[in-house]
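Trainee: Let's see this in three dimensions:
(one chain, ligands or ions: 1)
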Amino acid sequence: MAQTEAMPAIEQPRIGKPGDPCTMVIFGASGDLTRRKLIPALYNLAKNELLSREFAVIGIARAPMSTEEYRKKVSEDIKQFATDKVDPDIWEWFIRRLNYLSGDMGDKGLYPRLKDLLDKVDQDHSTHGNHMYYLATAADFFGPTVEHLAEVGLMQQDAQRWRRVVIEKPFGHDLESARLLNQQLLRVAEEKQIYRIDHYLGKETVQNILALRFANGIFEPIWNRRYIDHIQISVAETVGVEKRGGYYDKAGALRDMVPNHIMQLISLSAMEPPVSFRADAVRDEQGKILHAIQPMSSEDVLIRTVRGQYGEGMVGGERVPAYRSEPGVPEDSKTETFVAMKLLIDNWRWADVPFYLRTGKHLPSRSTSIVIQFRRAPFVLFRDTPVENLMPNQLVLNIQPEEGISLRFAAKVPGPAMRLGAVNMNFEYTDYFGAIPSTGYERLLHDCMIGDATLFQRADMVEAGWCVVSPVLDVWRALPARNFPNYAAGTWGPKEAEDLLERDGRHWRDFEK
Ligand code: BG6
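Mentor: Predicted coordinates:
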């Protein structure tokens, strides 16, 4: 197997300047997202000197608790969720900036109290009146909370101080509700105040798609329908729905993964080169691709989409129950835990190049990847070579858990006869850059603190994502699945997902080989 030349790991210098002074208000301060991601990410930023010295946090949750008690709780949690050894001095510096406010976000009375506390904290920590409101809560609260903040003047920004709101999917549950949410937010805030997080954009390897395509001269000339046969995007998970049955059963795999994470992967892989890396230049190009995805007719939905639900099976050597036996899931649930589909993009670069997607729970291995399969060479010279050895070139962008890029090409097998074999040239991030402990939220939080919205979704992008999936949701709702469960946990989804490609003479890349 061909290997890229090994290079010594390079030292990581601090990259970038610290975020602006600000107070971050976390709604949902005792929830999972805060414990697992936000606090560890803030700590990592502090450690890498990317947090302003003039920084503070106000955590808000219902539970009655003093600031001292909250600090204790957070100090316990970090032991479990830190991505690296915690430095006691940095932690001490950080924890002294943490404040707690107990209250119900739905209660208007909370907001004048928050305003008073913000005034005090702004003064104590010189945070310049800049506020970042992080809504680590259920989506139902997004609209009303931003309205309540606006009512007491907390969304008002001017040249001296900014006010930004961060929210994370789900942004609506279909096109109409997404539009309504956007309208509700934009009645009281400007688009540039809203930071819609998609945690996939915090992943290094997702950001690397832009570097690979636009910082190298060799890929762009062949990145089009003339050379590319098709693209496969797989987001395979080994986990089931765990304790999220209640949420998941209303969402399903399509809503949970496609209009957001998978659309990000498609738009970054397929977009035209932006004129600059300014937020709107990049997002304009991403938006254009999403709008160019061919809308599916009802007939297309029947032919080009596949849904599945897992039955019981073996995953990682352990027996796991069927989806319908998971806590919070009805016994006759018709919700899909697997989806595959074929999309087409109507523009000059991609006309007739299929984009095949699949994502599912309880699949045999965890792997997120983008496979770019090139057209076959005319193998006239190798007429006697067995066809299974004449594999087309594939460029694979491995997003996770392995992070890297590999290129498959044909090479001569040593020996007197002309025989061909497929070999891989591999680049792995850790070989070159070492492993950087991260939650995936550091970059996004820091970007929000410096006002860089490149990696956040604009309202039009969210709506464009829903435009793609809404026709599918409509047909699936009208024709509920009758054959669920139709794949055993621990397998690659229903057989129809294989057929989807086989009909076109293609196959999913086998990640287990
Ligand atoms: C979330 C989905 O947005 O992404 C989950 O709600 C899914 O169902 C998760 O498991 C996958 O994220 P990651 O980073 O583990 O690939």
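
Trainee: residue of this structure with the smallest distance to the ligand?
Mentor: With Cβ to the nearest ligand atom, the shortest gap between the chain and the ligand falls at residue 256, namely 4.7 Å. (C-beta placed from N, C-alpha, C; glycine too.)

Trainee: hey, where'd the strands end up in the stretch 401-513 of the chain?
Mentor: 404-413, 419-428, 487-488 (DSSP state E, counting those that start in this stretch).

Trainee: can you list those in TSV and add mean pLDDT?
Mentor: Shown next, in TSV, are those (pLDDT from 0 to 100):
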stretch	mean pLDDT
strand 404-413	92
strand 419-428	90
strand 487-488	98
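
Trainee: for these, which one ends up most surrounded?
Mentor: Most buried of the strands of the stretch 401-513 of the chain by mean neighbour count (mean count of other Cβ atoms under 10 Å) is strand 487-488; its value is a mean of 20.

Trainee: my read: the residue of the chain closest to the ligand touches residue 248, true?
Mentor: Yes: counting by Cβ atoms under 8 Å, residue 256 does reach residue 248; the two are 6.7 Å apart.

Trainee: just to revisit the earlier point, please tell me how far the residue of the chain closest to the ligand sits from residue 30.
Mentor: 24 Å (Cβ to Cβ, to the nearest Å).

Trainee: Which one's more surrounded, the two?
Mentor: The neighbour comparison of residue 256 against residue 30 (other Cβ atoms under 10 Å) goes to residue 256, with 23 against 20.

Trainee: name the helices or strands packed onto the helix or strand that contains the more buried one?
Mentor: Following DSSP states H and E, one finds residue 256 within helix 245-257. Here helix 245-257 touches strand 338-343, strand 355-360, helix 459-478, going by 3 or more Cβ pairs under 8 Å, 6 or more residues apart in numbering; DSSP states H and E.

Trainee: Of the ones you listed, flag the one that's most buried.
Mentor: strand 338-343 (a mean of 25).

Trainee: Check the average confidence over that one, would you?
Mentor: Averaged across strand 338-343, the pLDDT comes to 98.

Trainee: cool, and stretch 246-255?
Mentor: Rounded mean pLDDT across stretch 246-255 is 96.

Trainee: can you offset everything so residue one is 21?
Mentor: Shifting the count to begin at 21 puts that one at stretch 266-275.

Trainee: List of residues touching it?
Mentor: Applying Cβ atoms under 8 Å, 6 or more residues apart in numbering, the contact partners of stretch 266-275 are 190, 193, 261, 276, 327, 348-350, 353, 355-359, 379-381, 489, 492-493, 496.

Trainee: cutoff 7 Å now
Mentor: 190, 193, 261, 276, 348-350, 353, 355-359, 379-381, 489, 492-493 (Cβ atoms under 7 Å, 6 or more residues apart in numbering).

Trainee: Likewise for stretch 254-265?
Mentor: By Cβ under 7 Å, 6+ apart, stretch 254-265 touches 268, 277, 281-282, 335-336, 340, 343, 346-349, 378-383, 385-389, 509.

Trainee: Buried only: go through those residues for me.
Mentor: Neighbour-count burial (16 or more other Cβ atoms under 10 Å) applied to the contacts of stretch 254-265 gives 268, 277, 281-282, 335, 340, 343, 346, 349, 378-383, 387-389, 509.

Trainee: ok, back up a step: want to throw the helices and strands packed on helix 265-277 into JSON lines with distance to residue 202?
Mentor: Shown next, in JSON lines, are the helices and strands packed on helix 265-277 (distance: least, Cβ to Cβ, whole Å):
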{"stretch": "strand 358-363", "distance to residue 202": "23"}
{"stretch": "strand 375-380", "distance to residue 202": "25"}
{"stretch": "helix 479-498", "distance to residue 202": "4"}
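
Trainee: Rebuild these as JSON lines, extending it with distance to the ligand.
Mentor: Below are the helices and strands packed on helix 265-277 laid out as JSON lines (distance: least, Cβ to the nearest ligand atom, whole Å):
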{"stretch": "strand 358-363", "distance to the ligand": "12"}
{"stretch": "strand 375-380", "distance to the ligand": "9"}
{"stretch": "helix 479-498", "distance to the ligand": "13"}
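
Trainee: Please list the residues of the stretch 21-170 of the chain that sit near the ligand.
Mentor: For the stretch 21-170 of the chain, the contact set with the ligand under Cβ under 6 Å from any ligand atom is empty.

Trainee: Would you mind measuring from residue 456 to residue 297?
Mentor: 21 Å.

Trainee: If you count surrounding residues, which of these two has more?
Mentor: Using other Cβ under 10 Å as the criterion, residue 456 and residue 297 rank with residue 456 on top: 14 against 11.

Trainee: quick one: the more buried one from residue 241, how far?
Mentor: Taking Cβ to Cβ, one finds residue 456 at 32 Å from residue 241.

Trainee: For residue 53, give me its contacts.
Mentor: residue 156.

Trainee: where does the stretch 421-533 of the chain have low pLDDT?
Mentor: 533 (pLDDT under 70).

Trainee: interface residues of it facing the ligand?
Mentor: So the stretch 421-533 of the chain never meets the ligand (Cβ under 6 Å from any ligand atom).

Trainee: can you pull the contacts of residue 186?
Mentor: 152, 153, 154, 155, 215, 217, 468.

Trainee: Assumed the first one was part of a helix.
Mentor: No: remark: residue 152 does not belong to a helix; assigned using DSSP: H, G, I helix; E, B strand; the rest coil, it is strand.

Trainee: Now for the closest residue to residue 288 other than its chain neighbours: which residues touch it?
Mentor: Using Cβ to Cβ, 6 or more residues apart in numbering and skipping the chain neighbours, the partner closest in space to residue 288 is residue 229 (4.4 Å). Counting by Cβ under 7 Å, 6+ apart, residue 229 touches 288, 289, 417.

Trainee: between those, which is nearest residue 365?
Mentor: residue 289 (10.3 Å; Cβ to Cβ).

Trainee: and the closest one, what helix or strand is that in?
Mentor: Going by DSSP H and E, residue 289 is part of helix 283-290.

Trainee: How about the stretch 271-420 of the chain, which of its residues are in the neighbourhood of the ligand?
Mentor: Counting by Cβ under 6 Å from any ligand atom, the residues of the stretch 271-420 of the chain near the ligand are 276, 388.

Trainee: Would you agree residue 58 is in contact with residue 461?
Mentor: Yes: with contact defined as Cβ atoms under 7 Å, residue 58 reaches residue 461; the gap is 6.4 Å.

Trainee: dump the residue contacts of residue 373.
Mentor: Residue 373 neighbours (Cβ under 7 Å, 6+ apart): 245, 248, 250, 251.

Trainee: Model confidence at it, what's the number?
Mentor: On the pLDDT scale, residue 373 gets 98.

Trainee: quick one: secondary structure of it?
Mentor: Quick answer, by three-state DSSP: residue 373 is coil.

Trainee: What's the local residue count around the spatially closest residue to it that is not a sequence neighbour?
Mentor: Nearest-residue entry for residue 373: residue 245, 4.9 Å, with adjacent residues in sequence omitted and distances by Cβ to Cβ, 6+ apart. Number of residues near residue 245 (other Cβ under 10 Å) recorded here: 15.

Trainee: is it fair to say residue 245 lies in a strand?
Mentor: No: looking at residue 245 with three-state DSSP, it is coil, so not inside a strand.

Trainee: Am I right that it is in contact with residue 375?
Mentor: No: using Cβ under 7 Å, residue 245 is not in contact with residue 375; the gap is 11.8 Å.

Trainee: Excluding chain neighbours, what is closest to the most centrally placed residue in the chain?
Mentor: The centroid of the chain falls nearest to residue 220 when counting by Cα atoms, centre = their mean (2.1 Å). Nearest residue to residue 220, sequence neighbours excluded (Cβ to Cβ, 6+ apart): residue 281, at 4.3 Å.
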